[in-house]
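Engineer: okay, structure incoming, though there's no sequence with it:
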């Protein structure tokens, strides 16, 4: 019980720090190229994964050993690209509105898992997926009568992360979670180092402080999330990640002066409820199939 309590504390710490990181990323993404911001962030993240791997049994060599090298590299590239798009979304669309659209990702993952992973979806999850898609349409519904094309950037982010999760599930059949985490950080850092220097921008001294905070939050949030997954099932962790939407709304409205339309609020409630139900049903079905085996 103590272990589970600590697990939930680690989840809440990770989500809170992730949200702070998002708030700072919005500021930096609005002033500097998102690719440049992502590169600096990945330098810290990549170093963290290398140091963590060095402490594991067998060291870096054992951690880096993978049966799915191509898929691991694809995973790293997908997440790096998604981070760039996310920071762009925060700067262009806004923190709260972006997170509202991002909350549909678990529903998209459930849809993609059918053709890509061969997973079967029953009528309950189909109902939740359908309701979630209605919620997404509400969030995307234009208030002015004209559709904002920039919102498609957030939809692209959802797809990138959904494919990343699908790829992660595929490699998890052969590789350990630590190996996948190692490739996530290292591949992303290498990819951004190849691209980021072309977007190099000299930052104001005060913004280097914000950048340092982004790096610190990136490392600490991932560390707490790893600890949380060591103590809790994914089904217990994932629903709590929707707190990011609440945090994003608070930060967006109070600090950046963003506004939330009624469509966004209602749509977000529908999407979050559908997502939590979808995650819960996946957990139930997974346990049932494991029991049969």
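Structural biologist: Perfect, I can see it now. All values derive from a computational prediction rather than experimental measurement.
Engineer: contact partners of the helix or strand harbouring residue 62?
Structural biologist: Using DSSP states H and E, residue 62 sits in helix 59-64. The contact list for helix 59-64, computed with Cβ atoms under 8 Å, 6 or more residues apart in numbering, reads 50, 53-54, 56, 178-179, 182-183, 186. Heads up, the C-betas are built off the backbone N, CA and C, glycines and all.
Engineer: now do 10 Å
Structural biologist: The contact list for helix 59-64 (Cβ atoms under 10 Å, 6 or more residues apart in numbering) reads 49-58, 72, 175-176, 178-179, 181-183, 186.
Engineer: list buried residues within the residues you listed.
Structural biologist: 49-50, 52-53, 72, 175, 178-179, 181-183, 186 (16 or more other Cβ atoms under 10 Å).
Engineer: report the buried residues of stretch 20-38.
Structural biologist: Result for stretch 20-38 [16+ other Cβ under 10 Å]: buried residues 20-29, 32-38.
Engineer: where does the closest residue to residue 175 other than its chain neighbours land on pLDDT?
Structural biologist: Spatial nearest neighbour of residue 175, chain neighbours left out: residue 66 (5.1 Å); criterion: Cβ to Cβ, 6 or more residues apart in numbering. Residue 66 carries a pLDDT value of 93.
Engineer: circling back: of the contacts of helix 59-64, which belong to helices?
Structural biologist: 49-54, 72, 178-179, 181-183, 186 (DSSP state H).
Engineer: closest to residue 15 out of those?
Structural biologist: Nearest to residue 15 among those is residue 181, at 18.0 Å by Cβ to Cβ.
Engineer: contacts only, for that closest one.
Structural biologist: When contacts are counted by Cβ under 10 Å, 6+ apart, residue 181 touches 48-49, 52-53, 63, 168, 175, 222, 225-226, 229.
Engineer: rewinding a little: turn the buried ones among the contacts of helix 59-64 into CSV, including distance to residue 197.
Structural biologist: Below are the buried ones among the contacts of helix 59-64 laid out as CSV (distance: Cβ to Cβ, whole Å):
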residue, distance to residue 197
49, 21
50, 20
52, 26
53, 25
72, 24
175, 31
178, 30
179, 28
181, 26
182, 24
183, 22
186, 18
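Engineer: can I get the residues you listed in TSV including pLDDT and distance to residue 249?
Structural biologist: Listed next are the buried ones among the contacts of helix 59-64 as TSV, based on pLDDT from 0 to 100; distance: Cβ to Cβ, whole Å:
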residue	pLDDT	distance to residue 249
49	93	31
50	94	35
52	90	32
53	92	36
72	94	35
175	88	36
178	88	34
179	91	36
181	90	29
182	93	34
183	94	33
186	95	34
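Engineer: farthest pair within those residues?
Structural biologist: 50 and 175 (17.0 Å).
Engineer: just to revisit the earlier point, the residue nearest to residue 175: which element?
Structural biologist: Per DSSP H and E, there is no helix or strand for residue 66.
Engineer: could you check how far the closest residue to residue 157 other than its chain neighbours is from residue 64?
Structural biologist: Counting by Cβ to Cβ, 6+ apart, residue 157 lies nearest to residue 85, which is 4.4 Å off, once chain neighbours are set aside. Going from residue 85 to residue 64 by Cβ to Cβ, to the nearest Å gives 27 Å.
Engineer: which of the contacts of residue 181 sits closest to residue 266?
Structural biologist: residue 225 (29.7 Å).
Engineer: buried set for the strand or helix carrying that closest one?
Structural biologist: Using DSSP H and E, residue 225 sits within helix 205-231. Using 16+ other Cβ under 10 Å as the test for burial, helix 205-231 gives 207, 210-211, 214-215, 217-225, 227-229, 231.
Engineer: helices and strands of this protein: which one bottoms out on pLDDT?
Structural biologist: helix 234-237 (a mean of 66; mean pLDDT, DSSP states H and E).
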